[in-house]
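Student: Kindly return the folded structure for what I paste below:
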Amino acid sequence: MEYVGRHRRAHRSATWRAIEPQIREHHRQLLERPLIPVETFSATVQMVKAGFGDGLVPLGLAIEMELDQRCYRELRGVKRHISLITRKTVNQLANFRLLREQLVTESARYFSSARAAPG
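Tutor: Numbering: from 1, shown residues only. Sure, this is the predicted structure:
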């Protein structure tokens, strides 16, 4: 999948504010296409499957919905970072540090293996 649409209010969303400059820098041509407002990433996938066009969804969703790898591509240079937020006291706990480290390690492993899997 590639980008064609964003929600009507997307310019106010944290995700859109994070990725629009990256799309503008690395994939400007995608912003020249018609933009169709949608409410959810799942709706985007369903519209794409129904043949209404292309869509922009998180890579993890494309993987978990078992989309054929020939039907989507990763937009290089476009990343949406996520944050794990907690209280300072929780962040200092050894078990929480271990959880955080394991999340980072397993996330990297998950996306590496998903990219390497045959389509």
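Student: Going by C-alpha atoms from here, please, whenever you check contacts or count neighbours.
Tutor: Fine.
Student: What strand or helix carries the residue lying closest to Phe96 once chain neighbours are set aside?
Tutor: Distances taken as C-alpha to C-alpha, 6 or more residues apart in numbering put Val90 closest to Phe96, at 6.7 Å, once the chain neighbours are dropped. Taking DSSP states H and E as the criterion, the element that holds Val90 is helix 88-91.
Student: Spatially, which residue comes closest to Met47, not counting chain neighbours?
Tutor: Gly53 is the one closest to Met47 (C-alpha to C-alpha, 6+ apart), at 7.1 Å.
Student: and that neighbour, which of the three is it?
Tutor: Going by DSSP: H, G, I helix; E, B strand; the rest coil, the secondary structure assigned to Gly53 is coil.
Student: phi, psi of it?
Tutor: phi 140, psi -160 (degrees, to the nearest 10).
Student: Look up how far Pro21 lies from it.
Tutor: When distances are taken as C-alpha to C-alpha, to the nearest Å, Gly53 and Pro21 turn out to be 22 Å apart.
Student: Also Leu56?
Tutor: When distances are taken as C-alpha to C-alpha, Leu56 and Pro21 turn out to be 15 Å apart.
Student: The two: who's more crowded?
Tutor: Neighbours of Leu56 and Pro21, each counted by other C-alpha atoms under 10 Å, are more numerous for Leu56; the result is 20 against 13.
Student: Now the more buried one: phi and psi?
Tutor: The phi and psi values for Leu56, taken as degrees, to the nearest 10, are phi -110, psi 120.
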